[in-house]
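A.B. asks: Model the following, please.
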Amino acid sequence: MSGPSAPSSKSAHAPSVWDRLSPFSSSRSRSKSSRALDEEEPLLSGPNDIEVLEVEGRQSRFTRTQLLLFLLFQVACFALGASLGKLLSSKDGNGKAKGPLVPPVWTLPPPTGDRRNPAYLIKAHSGAVASEDKTCSEMGVAIMRDHDGTAVDAAVTTTLCIGLLNGFASGIGGGGFMMVRVPTDDSGLGTKGGNMTAIDFRETSPKESSKEMYGIKGAGRNAAQVGGLAIGVPGELRGLEAAHKLYGKLPWKALVMPVADLAKGYQVSRELARRIRIFGYFMPEDQTWMDIYAPRGYLAVEGDYIKRINYGKTLERIADGGADAFYNGEIAEKMVKSIKKAGGVMTVKDLKHFEANVYPAIHHTYNGREIYTTAAPSSGGILLALLRLIEPFRISQTGGLDNPLNVHRFIESLKFAFAARSEVTDPAFVKDPERLDRFYQSGWADDVRAKITDNSTHKVDYYGMEFDHIEDHGTTHLSVVDQWGGVAAVTSTVNLIWGSHVMCPETGVIFNDEQDDFAVPGAPDAFGLPPSPWNYPAPGKKPMSSTSPTIILSPSGSLYATLGGSGGSRIFGSLAQVLLHLDAGLDISQAIEKPRYHSQVVPNVTTIEVGPEGAPERVLKGLRERGHVVGEFDINLGVSEIQGIVVQNGTIWASSDSRKNGISAGY
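C.D. replies: Numbers count the residues shown, from 1 in each chain. Predicted coordinates:
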């Protein structure tokens, strides 16, 4: 496409946002530096502080006592990993797949008081990428800056890069959803309107699937989490291909080959090392995994170099032959062979017939801005419903989420939204697919809002929760903005961390366990709720998803923001809280870094992230007085992460969530 040349500008980095958020943080001496702006140093500017400053070098702020506590914490993590290895072994005593026991958040370790991961705010003028990995963010920016690529071009490279480096979260063996804004003119970042398109590349259930396949009469629930039967038909490449046809400018090969080359060797990041240490308990049982993630005979740690040679060769084939090289021919045959060896039922025909669904995005007005997102089976419609529900409370104008009453109202609204979410299903498998639109288009929000009582919370049945809901996890999100005002927001996943624990040795593809997002017919859950019949598995069906990639236009029609997140069922609630913080005047990094609340009806528990500054006692007191059962957990666990970009007065501000050690990039 045509467009003006991008002005030359270096990306810049912001100081630890934690220092700006925490009332307990000590002030530091700050001065300008002659250091190059593209070094990884905190940047102090933000929408409310335009001057760009840098820190004069890095200094350790750990005392001897803190270092000792840190070492003890690392030992405890190692012991926890070893215990998980035995407790959560993917095979039982008879060698059969047992499946990972995913502990609910309210049972996770309490706050440790440890210093938070560093957070960065990126200031740019022509384009930016917010992803969970610095290398991948920079690769995406290079596509736009050095090759004049579009947001979609950058998103293709960045998505594939995340799938390579953070294979525990996403990859071409998974699927997801995407939002794309295609500019209708060449007026740049300030362009109005644009074509807003959603792309659904969610995995589908293989043709040999059945309603009872994971029930009492079938293979059992654990078979939906680990092994070949857990794998849905991957969709990521078809989704990226559809986006590239819609708004790609550069040749497909130019977008894929940088990632294929990177597969020849890269350094283990802090986040990858953490996921290997805690969730790689199954790897020693399979030499295919050990060959990659234990090159020296033991599981890799931060700083080690690893290679995914066969995965790189697969990407080379895809670079030359497009997505068809993955869904047809030798690669497809090798993948199906591995899946069947692991107990799966997927066929070459399942792969051959997979198609991405491209359609106009759904949308609704919130605080004068137009919010665009993806439809069912994603939770985009539930996000819109939640925003419509909380809008009249004027939370951002009345103390934000530091006001106990506002937090109570938000949590109660979130519970009603979760009750609605239990009905989300693949619209292709219902007679009235518009049924779900009522949550954000009709009077549902007004009816539900009238049931929210300011002085008390209620029992589970009060919120209209008829069915159990799936507790999903994992995922990655990235947001991209280009010099023409084009946008790509991609949420992709292999579902649970490390997916199905199945990797094809010949292609290097790590497969999803997306079948676990289906409901299983059978007995009620521990809270007496039956599984949702809307979400039973069926041939070709897509399971319900919590993802909600989002693009937001200002009242004038120009781009305001693009957001999305990972973290399973916490995604849409986390996005809503970030929007509330933005409306309260925080910059995008501050809005992302603020501790978040969560409640999802069952169990009827409210959880809050707690950092080194301690819990907000005034808010917790107000919640408990209203009858909430409150649980606290450490914010650095990284349960849900948001990546976002905001555009203000021609300046781009990008930030990646420190909970996952993310770093954005821009130019």
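
A.B. asks: The nearest residue in space to residue 599 that is not next to it in sequence bridge partners, please.
C.D. replies: Using Cβ to Cβ, 6 or more residues apart in numbering and skipping residues adjacent in sequence, the residue nearest residue 599 is residue 606, 4.4 Å away. Heads up, the C-betas are built off the backbone N, CA and C, glycines and all. Applying DSSP bridges to residue 606 gives these bridge partners: residue 630.

A.B. asks: per-residue pLDDT, residue 606?
C.D. replies: If you check residue 606, the pLDDT there is 95.

A.B. asks: okay, now it: neighbour count?
C.D. replies: For residue 606, the count of nearby residues is 25 (other Cβ atoms under 10 Å).

A.B. asks: show me what contacts it?
C.D. replies: Counting by Cβ atoms under 8 Å, 6 or more residues apart in numbering, residue 606 touches 411, 597-599, 623, 628-631.

A.B. asks: looking at the sheet around residue 550, what are its partners?
C.D. replies: Beta-bridge partners, per DSSP bridges, of residue 550: residue 373, residue 563.

A.B. asks: who's in contact with it?
C.D. replies: 179, 371-373, 380, 383, 489, 561-564, 575.

A.B. asks: ok, which stretches of the stretch 51-200 of the chain are helices?
C.D. replies: Using DSSP state H, counting those that start in this stretch, the helices found in the stretch 51-200 of the chain span residues 64-87, 134-147, 151-165.

A.B. asks: now stretch 502-521, how far from the centre of its chain.
C.D. replies: Distance, stretch centre to chain centre, for stretch 502-521: 18 Å (Cα atoms, centre = their mean, to the nearest Å).

A.B. asks: Same check on stretch 477-488?
C.D. replies: 17 Å.

A.B. asks: model confidence over that stretch, on average?
C.D. replies: 99.

A.B. asks: Endpoints of it, how far apart?
C.D. replies: This stretch, stretch 477-488, spans 11 Å end to end (Cα to Cα, to the nearest Å).

A.B. asks: same question, stretch 467-484
C.D. replies: By Cα to Cα, one end of stretch 467-484 lies 45 Å from the other end.

A.B. asks: same question, stretch 487-505
C.D. replies: Stretch 487-505 end-to-end distance (Cα to Cα) = 36 Å.

A.B. asks: what do you get for stretch 317-332?
C.D. replies: Stretch 317-332: ends 12 Å apart by Cα to Cα.

A.B. asks: Now distance to residue 162 too, for the contacts of residue 550, in a markdown table please.
C.D. replies: A markdown table is the format used below for the contacts of residue 550 (distance: Cβ to Cβ, whole Å):
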| residue | distance to residue 162 |
| --- | --- |
| 179 | 17 |
| 371 | 25 |
| 372 | 23 |
| 373 | 21 |
| 380 | 21 |
| 383 | 22 |
| 489 | 14 |
| 561 | 21 |
| 562 | 16 |
| 563 | 17 |
| 564 | 13 |
| 575 | 19 |
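
A.B. asks: Phi and psi next, for residue 622.
C.D. replies: Phi and psi for residue 622, reported as degrees, to the nearest 10, are phi -60, psi -40.

A.B. asks: mind checking how far it is from residue 628?
C.D. replies: Applying Cβ to Cβ, to the nearest Å, the value for residue 622 to residue 628 is 9 Å.

A.B. asks: Give the intersection of the neighbour lists for the two.
C.D. replies: residue 408.

A.B. asks: higher neighbour count, those two?
C.D. replies: Neighbours were tallied for residue 622 and for residue 628 using other Cβ under 10 Å; the higher tally belongs to residue 628 (21 against 17).

A.B. asks: Excluding covalently adjacent residues, which one is nearest to the more buried one?
C.D. replies: residue 606 is the one closest to residue 628 (Cβ to Cβ, 6+ apart), at 4.7 Å.

A.B. asks: Could you do residue 289 as well?
C.D. replies: That would be residue 283: by Cβ to Cβ, 6+ apart, it lies 4.1 Å from residue 289.

A.B. asks: The one you found and residue 308: what is the separation?
C.D. replies: Separation of residue 283 from residue 308 (Cβ to Cβ): 14 Å.

A.B. asks: so who does the residue nearest the centre of the chain touch?
C.D. replies: Nearest to the geometric centre of the chain sits residue 566, at 1.9 Å (Cα atoms, centre = their mean). Contacts for residue 566 (Cβ under 8 Å, 6+ apart) come out as 132, 169, 474-477, 491, 493, 640-641, 660.
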